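# Below are the sequence and a predicted model; questions follow.
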Number of protein chains: 2
Amino acid sequence: MLALSLDENGPRVAEIGAPEPTPGTALVRVALAGVCNTDLELVKGYMGFRGVLGHEFVGRVEAGPVEWLGRRVVGEINFACGGCETCAAGLPRHCPQRSVMGIQGADGAFAELVRVPVANLHAVPDAVSDARAVFVEPLAAACEVVEQVRVAPGMTCLVLGDGKLGLLVAQVLAGTGARVLCVGRHPEKLALLARRGIETRLAAEWTPAPRTDLVVEATGSADGFRAAVAATRPRGTLVLKSTLAEHPRVDLAPLVIHEITVVGSRCGPFEPALRALSEGSVEVDSLISARVPLARAEQALARAAEPGALKVLIEAG
Amino acid sequence: MLALSLDENGPRVAEIGAPEPTPGTALVRVALAGVCNTDLELVKGYMGFRGVLGHEFVGRVEAGPVEWLGRRVVGEINFACGGCETCAAGLPRHCPQRSVMGIQGADGAFAELVRVPVANLHAVPDAVSDARAVFVEPLAAACEVVEQVRVAPGMTCLVLGDGKLGLLVAQVLAGTGARVLCVGRHPEKLALLARRGIETRLAAEWTPAPRTDLVVEATGSADGFRAAVAATRPRGTLVLKSTLAEHPRVDLAPLVIHEITVVGSRCGPFEPALRALSEGSVEVDSLISARVPLARAEQALARAAEPGALKVLIEAG
């Protein structure tokens, strides 16, 4: 089958052997996959990953349990062991023995076929198109914020960063009735939110003041963390979404003095993400920058790395 | 009156004018005051404070509202404006216009007399001696942890640091029925906890593993933060007590990957601290390293700065 694999020579599309079905797994014929910033980081060497890239996808089950055959699915990316203390505690996404699709110890979805544990599959409602379903994984990461922090109508929320994740988080927060401001560097990206009635501000025209109930840091930069701390009110909450490769110098004292709570936030639950896409409460169509066939998937990575790019989709089907 | 003041020449005991009573305040004749690490930081230049040092004290009301006259009191250290949004939200300890006794904009308690807003006074029960009552302020800071984080019996708790605050936090946590381990560098300090049935370990003989439900960082060092992150389980809580003057290099990615919650924690409520001292559920007598008369209070600061020192009391009465 055709796949975009990463090895010591970088990412490359080639014919490789198709995955074999194993007990408890399904083979999914990929229709569409999405390029995530994490993929770009993996190419730079993050996690030392070798194998097929890609963890955002939608496709149809081609082999596996009969009740799943032919169904259109998306799949959670953390493959838990199911037997350890962490899994028993209901935290499979944190299983210390986990592999992670296209990120750590498991081949990913920039391929014609991907192997996924059946436990990780979610059926996609007919109302959700392939192009929207491919956003379930990143949208679940955005939904994780409201799983972790109680967001009530009228609360002031600030999203720092107008990348793909920032745009999704801002929409999820706005859906709760909270008062949301998104600060970013790209007028054309902020305009996508403004069209949905969400307040936006260019970073150059904004100064943080310690007044916000909930700040979500999604800039992917150390400066973003500093600005987020400065914008959080005393006893407020700062949700950290960015995983930085660098170890920035950080002044931790304001966290103590203002008794700020910092909540690290990673992958999220698929159900609310699928629901949001079914109901149309989150808009993703305008976040698609390009569609590229799998045979030219290297170009998809290059396109996703361009300044101003949002979601680049890889057509595998 | 005699007082230990800090100016550009450093800390010095001298005769200065006594404070005048003002509306809404009381004058308290100080019996005992305690030296805090923050006092030592202030001497080094932290906050740029100038004035009478000291924010841990017990004394008797000498001037003020008639219902308070002659009563033995301790006093909360954050002097709030009472009129702003933050005060109205029930967070006077975070009032942005606040002064802080002996720390910021208000004279402190290393003196014969100290002026305190009446709203900040708490009567001390007869069962609590002066030498114990002087611990109410730091013990309140320890109690703040269990105000902010729900601690349940059987939870695993780790306290990093065996300084005064670490020893108090470990006792407060143990009082909840949680399983507490304190890791420190001083066998003689850890022995104080071991005598109360609290598990202890020397830092040199301990390696962090990501298994603890609740970690309290009270080492006052950047290394302590790194060890605390490494010891917190996925979705666990890290309470940050240390205010560092330095800006250490910090790897924030583990907070995101393991979805750790970091809770900044500063001053706490006086009531539970007074209750713990009344009931004897927290032991403070063994934390007293020395008692020094106010006339030689510079020596009290020097003694408190010695390695291994715990609480040094200043006798003002």
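Great, that's in hand.
# For the longest helix along chain A, which residues meet the burial criterion?
Longest helix in chain A by number of residues (criterion: DSSP state H): helix A:136-148. Of the residues in helix A:136-148, those buried under the neighbour-count criterion (16 or more other C-beta atoms under 10 Å in any protein chain shown) are A:136-146, A:148. Any C-beta I mention is one placed from the backbone N, CA and C, and that applies to glycine too.
# Next secondary structure after it?
Next in sequence after helix A:136-148, counting helices and strands by DSSP states H and E, comes strand A:156-160.
# Could you tell me how far the very next helix or strand once past that following strand lies from the centre of the chain?
Proceeding N to C from strand A:156-160, the next assigned helix or strand is helix A:164-174, under DSSP H and E. Distance of helix A:164-174 from the chain centroid (C-alpha atoms, centre = their mean, to the nearest Å) equals 11 Å.
# For the longest helix of chain A, name the packing helices and strands.
Contact analysis of helix A:136-148 by 3 or more C-beta pairs under 8 Å, 6 or more residues apart in numbering or on different chains; DSSP states H and E lists strand A:56-63, helix A:164-174, helix A:270-279 as its packing neighbours.
# contact partners of the very next helix or strand once past the shortest one?
Put plainly, it is strand A:56-63. In the C-terminal direction, the helix or strand that comes right after strand A:56-63 (DSSP H and E) is strand A:72-75. Where contact means C-beta atoms under 8 Å, 6 or more residues apart in numbering or on different chains, the residues beyond strand A:72-75 that reach it are A:26, A:28, A:31, A:57-61, A:101, A:114, A:116, A:120-124, A:130, A:133-134, A:136-137, A:270, A:274.
# Please indicate which of those residues are buried?
Using 16+ other C-beta under 10 Å as the burial test, those include A:26, A:28, A:31, A:57-61, A:101, A:114, A:116, A:120-122, A:124, A:130, A:133-134, A:136-137, A:270, A:274 as buried.
# quick one, what contacts the residue in the stretch 51-200 of chain A that chain B sits nearest to?
Proximity of the stretch 51-200 of chain A to chain B (C-beta to the nearest C-beta) peaks at residue A:94, 3.5 Å away. In this structure, residue A:94 makes contact with A:78, A:86, B:234-235, B:258-259, judged by C-beta under 8 Å, 6+ apart.
# relative to its centroid, which residue of chain A is most remote?
residue A:257 (32.2 Å; C-alpha atoms, centre = their mean).
# if I look at the residue lying closest to that one once chain neighbours are set aside, how far off is residue B:147?
Counting by C-beta to C-beta, 6 or more residues apart in numbering or on different chains, residue A:257 lies nearest to residue B:266, which is 6.0 Å off, once chain neighbours are set aside. Here the criterion is C-beta to C-beta, to the nearest Å. By it, residue B:266 lies 11 Å from residue B:147.
# what is in contact with those two at once?
Among the neighbours of residue B:266, none is also in contact with residue B:147 (C-beta under 8 Å, 6+ apart).
# can you pull the contacts of residue A:69?
A:61-63.
# can you list the residues you listed in JSON lines and add distance to residue B:42 and pLDDT?
As requested, those are exported to JSON lines (distance: C-beta to C-beta, whole Å; pLDDT from 0 to 100):
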{"residue": "A:61", "distance to residue B:42": "66", "pLDDT": "98"}
{"residue": "A:62", "distance to residue B:42": "69", "pLDDT": "98"}
{"residue": "A:63", "distance to residue B:42": "69", "pLDDT": "98"}
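# Tabulate those residues (JSON lines), appending distance to chain B.
Rendered in JSON lines, the data for these read as follows (distance: C-beta to the nearest C-beta, whole Å):
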{"residue": "A:61", "distance to chain B": "30"}
{"residue": "A:62", "distance to chain B": "32"}
{"residue": "A:63", "distance to chain B": "32"}
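# For residue A:291, which three-state class applies?
Classification of residue A:291 using DSSP: H, G, I helix; E, B strand; the rest coil returns strand.
# Leaving out chain neighbours, which residue sits closest to it?
Across the structure, with C-beta to C-beta, 6+ apart as the measure, the residue nearest residue A:291 apart from its sequence neighbours is residue A:313 (4.6 Å).
# Pretty sure that neighbour sits against residue A:294.
No. If you go by C-beta atoms under 8 Å, residue A:313 and residue A:294 don't touch, sitting 10.4 Å apart.
# Run a quick neighbour tally on residue A:209.
9 (other C-beta atoms under 10 Å in any protein chain shown).
# What score does the residue sitting nearest the centre point of chain A have for pLDDT?
With distances taken as C-alpha atoms, centre = their mean, chain A has residue A:138 as the residue nearest its mean C-alpha position (2.7 Å). Each residue has a pLDDT score; the one for residue A:138 is 97.
# same check, this time on residue A:268
pLDDT for residue A:268: 96.
# Tell me the spacing between the closest residue to it other than its chain neighbours and residue B:5.
Counting by C-beta to C-beta, 6+ apart, residue A:268 lies nearest to residue A:144, which is 2.9 Å off, once chain neighbours are set aside. Here the criterion is C-beta to C-beta. By it, residue A:144 lies 52 Å from residue B:5.
# do residue A:248 as well
When distance is defined by C-beta to C-beta, residue A:248 is 39 Å away from residue B:5.
# who's in contact with residue A:157?
With contacts defined as C-beta under 8 Å, 6+ apart, the neighbours of residue A:157 are A:151, A:173, A:178-181, A:212-216.
# are any of these buried, and which?
A:151, A:173, A:178-181, A:212-216.
# contacts with chain B among these, please.
Of the residues in these, proximity to chain B by C-beta under 8 Å from any C-beta of the partner chain holds for none.
# Including secondary structure and pLDDT, could the residues you listed go into CSV?
Converted to CSV, the buried ones among the contacts of residue A:157 look like this (DSSP: H, G, I helix; E, B strand; the rest coil; pLDDT from 0 to 100):
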residue, secondary structure, pLDDT
A:151, coil, 97
A:173, helix, 98
A:178, coil, 97
A:179, strand, 98
A:180, strand, 98
A:181, strand, 98
A:212, strand, 98
A:213, strand, 98
A:214, strand, 98
A:215, strand, 98
A:216, strand, 98
